[in-house]
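Colleague: no FASTA, just this:
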């Protein structure tokens, strides 16, 4: 079974990852830990002022995103090593859609059999009981979705 | 691991069950099978015309509803016995007409570590992609929930 594990920088994702390998994983499952990268964030005044395109600032923003991706990859690959399990790490770059949408199309293109997602991650709106990504996936995924709840 | 499996009479529940057995189940798992029963549809009573209270019909409806639940429980019990799965059936807990609450109450009582259910069942409002019961359960559960789509 091909299993996609959605991760972000949150501890909820780390717990889901550990829980999966401890309690759920069976030999023969192919596991992909997937991270949807942030788009580099440019302050909006750039488009209205007559200023020159802030190339340096943009490069800094891109670098920040890249470092984050590297950090996530290193973190999860070393977690996998520590747990002595096999796991691939993929970074997805959204095409403008929400992370949920990006993940949903990844699930289809990869023919995943199962997706595991935390109930809430790092989103700023923490009032809601279910985060936007998990909410999107349970409503739209064509494969079983495991909504992981941290204790 | 103790796993709670929520069932109704739908095909989706059956498919979810088969999928679970094939892909997730481990021999050491113990299944708690739950059916959150909803109150059966009782025909609207016409109070204004002073008609007699249709107690016979209501009794019949309740009996049919109970029979359906029993048949359902039997079906899944047989599946488990055939595959030599450790299981138990839980029908109590929660309010009868709120299946979502029943499911969570039983999960709590039984100390289940995970819930498995279909995304939609037999409910009347079929426009939505996610049924009301699975929606309720994912928003309120304290343990991981697997939602299996159509």
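Modeller: On my side now, so go ahead. In this text the structure is predicted, and so the values were computed from the model without any measurement. Numbering: from 1, shown residues only, chains lettered A, B, ... in the order given.
Colleague: all the strands of chain B, in order from the start?
Modeller: When assigned using DSSP state E, the strands of chain B occupy the ranges B:2-6, B:30-34, B:86-90, B:114-118, B:145-148.
Colleague: which one of those is the most hemmed in?
Modeller: When you average the neighbours per residue for each of those (mean count of other CB atoms under 10 Å in any protein chain shown), strand B:114-118 leads with a mean of 27. Glycine gets a C-beta too; all of them are placed from N, C-alpha and C.
Colleague: counting by contacts, list what it packs against.
Modeller: In this structure, strand B:114-118 makes packing contacts with strand B:2-6, helix B:11-23, helix B:99-110, helix B:132-140, strand B:145-148, judged by 3 or more CB pairs under 8 Å, 6 or more residues apart in numbering or on different chains; DSSP states H and E.
Colleague: now do 10 Å
Modeller: Contact analysis of strand B:114-118 by 3 or more CB pairs under 10 Å, 6 or more residues apart in numbering or on different chains; DSSP states H and E lists strand A:145-148, strand B:2-6, helix B:11-23, strand B:30-34, helix B:99-110, helix B:132-140, strand B:145-148 as its packing neighbours.
Colleague: strand partners (parallel or antiparallel) of that strand?
Modeller: In the sheet, strand B:114-118 lines up against strand B:2-6 (parallel), strand B:145-148 (parallel) (DSSP bridges).
Colleague: okay, those strands in a markdown table with distance to residue B:132 and mean pLDDT next?
Modeller: Shown next, in a markdown table, are the strands paired with strand B:114-118 (distance: least, CB to CB, whole Å; pLDDT from 0 to 100):
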| stretch | distance to residue B:132 | mean pLDDT |
| --- | --- | --- |
| strand B:2-6 | 13 | 93 |
| strand B:145-148 | 13 | 93 |
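Colleague: residue B:33 versus the residue nearest to residue A:97 when sequence neighbours are not counted, what's the distance?
Modeller: Ranked by CB to CB, 6 or more residues apart in numbering or on different chains and with sequence neighbours excluded, the top spatial neighbour of residue A:97 is residue A:105, at 8.0 Å. Relative to residue B:33, residue A:105 is positioned 35 Å away (criterion: CB to CB, to the nearest Å).
Colleague: and residue 75, what does it touch?
Modeller: With no chain named, the answer covers chain A. The neighbourhood of residue A:75, defined by CB atoms under 10 Å, 6 or more residues apart in numbering or on different chains, consists of A:7, A:9, A:13, A:14, A:17, A:33, A:35, A:89.
Colleague: correction: the question concerned chain B.
Modeller: With contact set as CB under 10 Å, 6+ apart, residue B:75 has these partners: B:7, B:9, B:13, B:14, B:17.
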